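Visitor: Model the structure of this input:
(one chain, ligands or ions: 1)
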Amino acid sequence: MRKRVAVLISGRGSNLQALLDAQQDAYEIALVVSNIPNAAGLDRARAAGVEAIALDHKPYGQNRQAFERDLDALLVQRSIEIVALAGFMRVLTPFFVRAWANRLVNIHPSLLPKYPGTKTHQRALDAGESEHGCTVHMVVEEVDAGEILGQARMPILPGDTAETLAERVLTLEHELYPRCLAQLACTRS
Ligand code: GAR
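Guide: Coordinates of the predicted model:
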């Protein structure tokens with residue numbers, strides 16, 4: 001049976017697109033949720049015939065857990081088995097992380113454990129790294145610190161900027177994420 005996956009996004013959704021394009025026997029994208037109502041990724045989901053829901057975090061104010069309770073209820077209602085974060089730019093509280101423990105996966109644009117958090121490409125450049133890449137990992141309470149499921153790496157070239165790095169890393173992400181998600185869907189009950 002294909003695992004029912006929900007993808008959480010906040011923006012353009014190019015990783016979502018890669019996950020949609022690659023879905024085969026292991027998983028199906030059954031739901032896409034964005035915390036940003038006009039995220040372009042929602043249109044990608046709808047174009048692929050996938051239910052796409054905007055759950056705006058703003059009305060919840062500082063109450064992160066209330067937002068996450070509603071999100072969790074939505075996922076449970078749709079019988080979601082795995083949650084994949086793809087450019088979802090909200091840190092999740094322990095409530096949500098515990099509720100989805102071992103079923104919550106993320107893609108991060110650095111070679112973890114290097115450069116958790118934001119501005120990963122600029123930080124890799126500033127540190128004089130010779131290589132860079134992306135990581136798919138399980139989500140735990142500590143940000144970008146869970147078990148690593150896969151990494152893809154590439155050299156940093158003379159003249160690279162944060163923008164050129166972001167572009168090349170993104171190409172790697174689009175290949176890595178579907179592969180790791182399929183593997184996760186096959187190996188975890
Ligand atoms: C991707 O580069 C992803 O790795 C990154 O945001 C981008 C989303 O692009 N995620 C994070 O930085 C999470 N901390 P996309 O919307 O085109 O998939």
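Visitor: all contacts plus neighbour counts: C-alpha atoms, from now on.
Guide: OK.
Visitor: Can you tell me the number of residues neighbouring the nearest residue to Leu19 once chain neighbours are set aside?
Guide: Spatial nearest neighbour of Leu19, excluding adjacent residues (CA to CA, 6 or more residues apart in numbering): Pro178 at 5.2 Å. Residues within reach of Pro178, counting by other CA atoms under 10 Å, total 23.
Visitor: Are there helices or strands packed against the helix or strand where Arg168 lies, and which ones?
Guide: Using DSSP states H and E, Arg168 maps to helix 162-187. Contacting helix 162-187 under the criterion 3 or more CA pairs under 8 Å, 6 or more residues apart in numbering; DSSP states H and E are the following elements: helix 14-22, strand 27-34, helix 120-126, strand 131-138, strand 148-155.
Visitor: Run through the neighbouring helices and strands of the second one.
Guide: For strand 27-34, the helices and strands in contact under the criterion 3+ CA pairs under 8 Å, 6+ apart are strand 3-9, helix 14-22, helix 40-47, strand 51-54, helix 162-187.
Visitor: Enumerate the positions of the shortest one that are buried.
Guide: Right, the one you point to is strand 51-54. Ala52, Ile53, Ala54 (16 or more other CA atoms under 10 Å).
Visitor: filter those residues by proximity to the ligand?
Guide: Under the cut-off given by CA under 6 Å from any ligand atom, the ligand has nothing from the buried residues of strand 51-54 close to it.
Visitor: can you redo these as TSV with pLDDT?
Guide: Output for the buried residues of strand 51-54, formatted as TSV (pLDDT from 0 to 100):
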residue	pLDDT
Ala52	98
Ile53	98
Ala54	98
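Visitor: Okay, buried residues for stretch 112-124 please.
Guide: Within stretch 112-124, the residues that qualify as buried are Leu112, Tyr115, Pro116, Thr120, His121, Gln122, Ala124, counting by 16+ other CA under 10 Å.
Visitor: Show me which residues of the protein sit near the ligand.
Guide: 11-16, 86-87, 89, 107-109, 117, 170.
Visitor: nearest to Gly133, of these?
Guide: The shortest approach to Gly133 among the residues of the chain next to the ligand belongs to Pro109, at 6.3 Å (CA to CA).
Visitor: neighbours around that closest one, how many?
Guide: Residue crowding around Pro109 was assessed by other CA under 10 Å; the count is 26.
Visitor: show me the contacts for it.
Guide: By CA atoms under 8 Å, 6 or more residues apart in numbering, the contact list for Pro109 reads Thr120, His121, Gly133, Cys134, Thr135, Ala166, Val169, Leu170, Glu173.
Visitor: which regions of this protein lie under the pLDDT threshold?
Guide: Counting by pLDDT under 70, the ranges of the chain that qualify are 189.
Visitor: mind running it again at 80?
Guide: Counting by pLDDT under 80, the ranges of the chain that qualify are 188-189.
Visitor: Fine by me, we can end here.
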